[in-house]
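S.K.: sequence-free structure coming up:
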């Protein structure tokens, strides 16, 4: 049913993704975690997040370390102010060395996502979700963690727009044009 209590402009979908600052002058072609699409350099997870945003109308939230260039990469910098308005949260992260980054563990300890649906998506170098979906289930025991998230090899992310859109249609979250 239609929930008339929510204003049309407020999205109930949040796309939170891990985004490290891109150092200046990095040669994108040599870095596995970066993609160049239409001349724009972005992180592979950031690119996936942007395609999801464009096709769901959700709000983007970049999970960034508090100290951009300091030592503390385990504290989340910004905060999601209006978490209550979201019932579906896409969570994007790269898999490095068969695990999520420590920053993702900080994100899940900071936010209680009870009652919400979490949809993981990630980029990887060959290890897929590598147990991270089960890890999120343990970190957010009162949330619904979907097991039909999207995991893409970094080598195909730049050419994956159609694949991401098809996945959103499959899970019933692509907005109608």
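M.R.: Good, I have the coordinates. This is a predicted model, so every value here is computed, not measured.
S.K.: this protein: strands as residue ranges?
M.R.: Assigned by DSSP state E, the strands in the chain fall at 13-18, 34-37, 40-43, 59-63, 88-94, 117-124, 144-145, 150-153.
S.K.: mind putting those strands in TSV, distance to residue 136, mean neighbour count and mean pLDDT included?
M.R.: All C-beta atoms are positioned from the backbone trio N, CA, C, and that covers glycine. Listed next are the strands of the chain as TSV, based on distance: least, CB to CB, whole Å; neighbours: other CB atoms under 10 Å; pLDDT from 0 to 100:
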stretch	distance to residue 136	mean neighbour count	mean pLDDT
strand 13-18	12	24	95
strand 34-37	24	18	73
strand 40-43	20	18	76
strand 59-63	13	19	93
strand 88-94	7	24	96
strand 117-124	6	23	96
strand 144-145	5	18	98
strand 150-153	13	19	95
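S.K.: a markdown table for those, including distance to residue 168?
M.R.: Formatted as a markdown table, the strands of the chain follow (distance: least, CB to CB, whole Å):
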| stretch | distance to residue 168 |
| --- | --- |
| strand 13-18 | 10 |
| strand 34-37 | 18 |
| strand 40-43 | 19 |
| strand 59-63 | 15 |
| strand 88-94 | 10 |
| strand 117-124 | 10 |
| strand 144-145 | 17 |
| strand 150-153 | 9 |
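S.K.: list of residues touching the longest helix seen in the chain?
M.R.: As assigned by DSSP state H, the longest helix anywhere in the chain is helix 44-56. Identification of contacts with helix 44-56 by CB atoms under 8 Å, 6 or more residues apart in numbering yields 11, 13, 15, 17-19, 33-35, 37, 42, 58-60, 62, 90, 92-94, 121-123, 150, 152, 154, 157-158, 160-161, 164-165, 168, 173-175.
S.K.: what sits closest to the spatially most central residue of the chain if chain neighbours are left out?
M.R.: Centroid-nearest residue in the chain: residue 92, 2.1 Å away (criterion: CA atoms, centre = their mean). Excluding the flanking residues, the one nearest residue 92 by CB to CB, 6 or more residues apart in numbering is residue 17, at 3.5 Å.
S.K.: so, low pLDDT: which residues of the protein?
M.R.: Low-confidence segments of the chain, defined by pLDDT under 70: 1-10, 20-33, 67-74, 177.
S.K.: 90 instead?
M.R.: 1-11, 19-44, 63-79, 81, 94-98, 101-103, 124-126, 154-155, 158, 176-177 (pLDDT under 90).
S.K.: circling back: you'd agree the residue nearest to residue 92 is up against residue 58?
M.R.: No: counting by CB atoms under 8 Å, residue 17 stays clear of residue 58, with 11.1 Å between them.
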